[in-house]
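In: Let me see the structure of the following:
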Amino acid sequence: MKKLSGILIALTLMIITACDKETYLQESVNLRNSQDSQITARNGSMTMDVYFNDEVYSVNMYELSEQAADKALEHNQNVGEIYTYCDLDEECDWLPIIDSVPGENYNPLWQEVEIEFADGVTPYQFTSDEEIEEAAENGEITLTDTDEVYRCAVVGHSH
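Out: Numbering: from 1, shown residues only. Here you go, the predicted model:
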């Protein structure tokens, strides 16, 4: 029953926070026609470029409220991870990295994990979660889970 209520909460959150069709389609068009890597929609969602397995994808994402994020993390064992160099609300020099896309153990809820480089390590762009895990194992970076959770939809793929 707890698992079912967690799924219902996640589905309700996705429906409540989803963009209307017109805004969603317009933001996707804007992203493809823009040089910017991040676009914020009128409803507070944002569309940005991210890396997954060495390829760039476009995602539409909306940050959950603190209460919804706590519930999502409490009731959902398979929340994805989005690795960032700074808070997703801030402008960054590098693109975030995601750990899944549809068809590959995908979950539309992602927890933000911040990357911090060790002293003496020159920061650089990661392009896959495997690279991040290897760098963490080698002591090049520290990974810090945040309390921020996003509802994310992969909306495009750059080849």
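In: so is residue 135 in a helix, a strand, or just coil?
Out: helix (DSSP: H, G, I helix; E, B strand; the rest coil).
In: cool, and residue 74?
Out: Residue 74 ends up helix, using three-state DSSP.
In: Burial check on it, number of neighbours?
Out: Residue 74 has 11 neighbours, counted by other C-beta atoms under 10 Å. Every residue, glycine included, has its C-beta placed from N, CA and C.
In: Then residue 114?
Out: So residue 114, with other C-beta under 10 Å, has 17 neighbours.
In: pLDDT score for it?
Out: What the model reports for residue 114 is a pLDDT of 96.
In: which secondary structure element contains it?
Out: Per DSSP states H and E, residue 114 falls inside strand 109-117.
In: Buried residues in that strand, which are they?
Out: Across strand 109-117, burial judged by 16 or more other C-beta atoms under 10 Å covers 109-115.
In: what's the closest of those to residue 131?
Out: Of all the buried residues of strand 109-117, residue 131 sits closest to residue 115, with 10.7 Å by C-beta to C-beta.
In: What residues does the closest one make contact with?
Out: By C-beta atoms under 8 Å, 6 or more residues apart in numbering, the contact list for residue 115 reads 83-85, 126, 132, 141-143.
In: Can you select the buried ones from these in PyMOL?
Out: Filtering those down to the buried ones (16+ other C-beta under 10 Å) takes a single PyMOL command:
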select buried, resi 83+84+85+126+132+141
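In: so of the contacts of residue 115, which ones are in strands?
Out: In this view, those that belong to strands under DSSP state E are 83-84, 141-143.
In: got these as CSV, with distance to residue 50 and pLDDT columns?
Out: CSV is the format used below for these (distance: C-beta to C-beta, whole Å; pLDDT from 0 to 100):
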residue, distance to residue 50, pLDDT
83, 9, 97
84, 9, 96
141, 18, 98
142, 21, 98
143, 16, 98
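In: and the residues you listed, which two are the farthest apart?
Out: Going by C-beta to C-beta, the pair spanning those furthest: 84 and 142, at 13.2 Å.
In: so what's the backbone phi/psi at residue 67?
Out: phi -60, psi -40 (degrees, to the nearest 10).
In: now do residue 92
Out: According to degrees, to the nearest 10, residue 92 has phi -120, psi 160.
In: Identify the residues contacting it.
Out: Contacts of residue 92 by C-beta under 8 Å, 6+ apart are 84-86.
In: Great, nothing more from me.
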